[in-house]
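> this one's sequence-less:
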């Protein structure tokens, strides 16, 4: 049985990742907070900013799933976000390398593209849907921290680590559903958080989303993936949450559409995400099971 360490195991996403692994792996959770339930895994109290503690925790491990992070632009000052997400990721990768771990999976973000947090910095994609080879323009501290963490991961892949970066869009936890419904009910005046959510409803101009269970499943599937080097994958639900079809929304926001569009793709699903998730399907055999559009909109 594979021995897997999950950083940030007591967090919102980390608990889902641990749950997805407990039946197929020996799981060690690592967090500065105690777990809500330690059933099915061992817990280590440590910070990702403590390199010696990480090296000890990773010893004998086969893989590290790095979920711990400053989770969004509101998680702290720019300096705190960069420190947690960049230095923390470097510590995790360095400790994994020292401990002889074979694979590290980073929880990155679609924000590396640059169209998630600060509307004044949004830019029209060169092509739709956006795949992993598309240009990125991270502008805010959170997006930059995730992009730079990927680059650190790429550098460690040159040293022999297998490094995979997962780029989920806005993760729609159950506790955020009322917030998302509030935005849908009054998009013109919504600022949020205003309906009990821990942050405002997100997802960029198209209101992308993904269920945490689908993100956790992607993490699980990376453990079986045959790969050496570095690779990144966008993850999104099959549909956006914005009332407008995706191409109409892109045209509304940017005043134009890209010159390269897969019209068959958006013809089959007008609300398909801006991001191309086919690489995750092809390489990880990952297919999102949950589409919350109907739950939010009240109809398909």
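Looks like it came in fine. Not measured: the values here are computed from a predicted model.

> switch to C-alpha atoms for all contacts and neighbour counts from now on
OK.

> any chance you could map the helices in the stretch 1-150 of the chain?
Taking DSSP state H, counting those that start in this stretch, the helices of the stretch 1-150 of the chain run over residues 12-21, 51-58, 78-82, 88-99, 141-157.

> The next helix or strand after the last one - contacts with which helices or strands?
Per DSSP states H and E, helix 141-157 leads on to strand 162-168 as the next helix or strand towards the C-terminus. Based on contacts counted as 3 or more Cα pairs under 8 Å, 6 or more residues apart in numbering; DSSP states H and E, the elements that strand 162-168 packs against are strand 103-107, helix 141-157, helix 212-222, strand 230-235.

> If we use 10 Å, what do you get?
In terms of contacts (3 or more Cα pairs under 10 Å, 6 or more residues apart in numbering; DSSP states H and E), strand 162-168 is packed against strand 63-66, strand 103-107, helix 141-157, helix 212-222, strand 230-235.

> just so I know, which of these lies nearest residue 36?
Closest approach to residue 36 among the helices and strands packed on strand 162-168 (Cα to Cα): helix 212-222, 16.8 Å.

> Could you check the pLDDT of residue 292?
Per-residue pLDDT puts residue 292 at 95.

> Give the residue spans of the stretch 101-250 of the chain that score low on pLDDT.
Within the stretch 101-250 of the chain, no range satisfies pLDDT under 70.

> how does it look with 90?
Counting by pLDDT under 90, the stretch 101-250 of the chain shows low-confidence ranges at 117-119, 191-198, 225-228.

> still on that earlier bit, take the helices and strands packed on strand 162-168 and lay them out in JSON lines including distance to residue 199 and mean neighbour count.
Formatted as JSON lines, the helices and strands packed on strand 162-168 follow (distance: least, Cα to Cα, whole Å; neighbours: other Cα atoms under 10 Å):
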{"stretch": "strand 63-66", "distance to residue 199": "22", "mean neighbour count": "25"}
{"stretch": "strand 103-107", "distance to residue 199": "19", "mean neighbour count": "26"}
{"stretch": "helix 141-157", "distance to residue 199": "14", "mean neighbour count": "23"}
{"stretch": "helix 212-222", "distance to residue 199": "16", "mean neighbour count": "22"}
{"stretch": "strand 230-235", "distance to residue 199": "20", "mean neighbour count": "23"}
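
> Quick one: closest of those to residue 89.
Counting by Cα to Cα, residue 89 lies closest to helix 141-157 out of those; the figure is 6.0 Å.

> my read: residue 121 touches residue 139, true?
Yes: using Cα atoms under 10 Å, residue 121 is in contact with residue 139, at 6.7 Å.

> Mutual contacts of those two, please.
114, 115 (Cα atoms under 10 Å, 6 or more residues apart in numbering).

> quick one, which of those two is more surrounded?
More neighbours surround residue 139 than the other of residue 121 and residue 139, with 20 against 13 (other Cα atoms under 10 Å).

> ok, the more buried one - contacts?
Contacts of residue 139 by Cα under 10 Å, 6+ apart are 111, 112, 113, 114, 115, 116, 117, 118, 120, 121, 122, 145.

> could you check the distance from it over to residue 152?
In this view, residue 139 and residue 152 are 18 Å apart by Cα to Cα, to the nearest Å.

> likewise residue 72?
Remark: distance between residue 72 and residue 152 (Cα to Cα) = 19 Å.

> for residue 253, same thing?
Look at residue 253 and residue 152: by Cα to Cα, they are 33 Å apart.

> repeat for residue 81
Per Cα to Cα, residue 81 is found 16 Å from residue 152.

> Also residue 234?
Distance, residue 234 to residue 152, using Cα to Cα: 18 Å.

> Make sure residue 10 is actually in contact with residue 30.
Yes: here residue 10 reaches residue 30: they are 7.8 Å apart, a contact under Cα under 10 Å.

> neighbour-wise, which of these two wins?
residue 30 (28 against 25).

> Make sure that one is actually in contact with residue 55.
No: the criterion here is Cα under 10 Å, and residue 30 misses it with residue 55 at 11.8 Å.

> and residue 210, what does it touch?
168-173, 203, 235-240, 288-292.

> so it bridges to which residues?
residue 171 (DSSP bridges).

> And residue 78, how close does it get to residue 19?
Distance, residue 78 to residue 19, using Cα to Cα: 31 Å.

> With neighbour numbers in mind, choose between these two.
residue 19 (18 against 14).

> Next one, pLDDT for that one please.
Note for residue 19: predicted pLDDT of 95.
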